[in-house]
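[1] I'll drop the sequence and a predicted model, then ask my questions.
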Amino acid sequence: MDSEWNLREAFDFWKGVQGSFFKILSYLNNEELGFEYDREMRNLGEQFNHVANAYHWWLEYIIHDGQGIKPDLDVANSVEEIQSRLRRAHQRIWDLIENSTWDDLRKEYEVEENGTRKTVSLMWILWHLVEHDIHHRAQIGLYLKKKGKRIPPEDFWNQPVL
Ligand code: NI
């Protein structure tokens, strides 16, 4: 594709979405990570863990980026450790983006969903992860609202910290 932008610039907005998880965490203590919305949903700490694990799942098992990091099966229960897990997951996706070209976005990967195999492009996977981040960030917002925990809006939305 003929463009003066590189992929990192094109996905730059994502840095803000990722950064907002760090900002939100900076207002939380370890005890608050146990907040629940209801019994059927992950608690607040598990939400953050799940967000980081999604990156590793796609990069390790589908894209095979060669970094050899599996999703963390144990749940980190401290703000600091969750931030460190998120930082590692984010770095991994930016490593991939930095090393990819526009043409690489068309690369195809096989995934299995409910017993059905389907093919998705790298572009699809990247957008899916962006969508996944935003979906869970919104859920996190609901937990915080339910618990009366206030985070300034400017620190909830799209603050790059990396
Ligand atoms: Ni999810």
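    Everything's here; your move. Numbering: from 1, shown residues only.
[2] Could you pull out the helices in the protein for me?
    Per DSSP state H, the chain carries helices over the ranges 7-10, 12-26, 44-57, 79-98, 122-146, 153-156.
[3] Tell me which of those sits most buried.
    helix 44-57 (a mean of 21; mean count of other CB atoms under 10 Å). (C-beta placed from N, C-alpha, C; glycine too.)
[4] The helices of the chain: lowest mean pLDDT?
    Per-stretch mean pLDDT for these is lowest at helix 153-156 (a mean of 86).
[5] what does that one contact?
    For helix 153-156, the external contacting residues (CB atoms under 8 Å, 6 or more residues apart in numbering) are 20, 23-24, 26-27, 141.
[6] Next, give me the two most distant ones among these.
    Ser26 and Gly141 (15.3 Å; CB to CB).
[7] coming back round to it: among the helices of the chain, which is nearest Tyr37?
    Of those, nearest to Tyr37 by CB to CB is helix 122-146, at 4.9 Å.
[8] which residues sit against the closest one?
    Against helix 122-146 from outside (CB under 8 Å, 6+ apart): 11, 14, 17-18, 20-21, 24, 35-37, 41, 44, 47-48, 50-51, 54-55, 58, 62-63, 93, 97, 100, 104-107, 109, 120, 150-151, 156.
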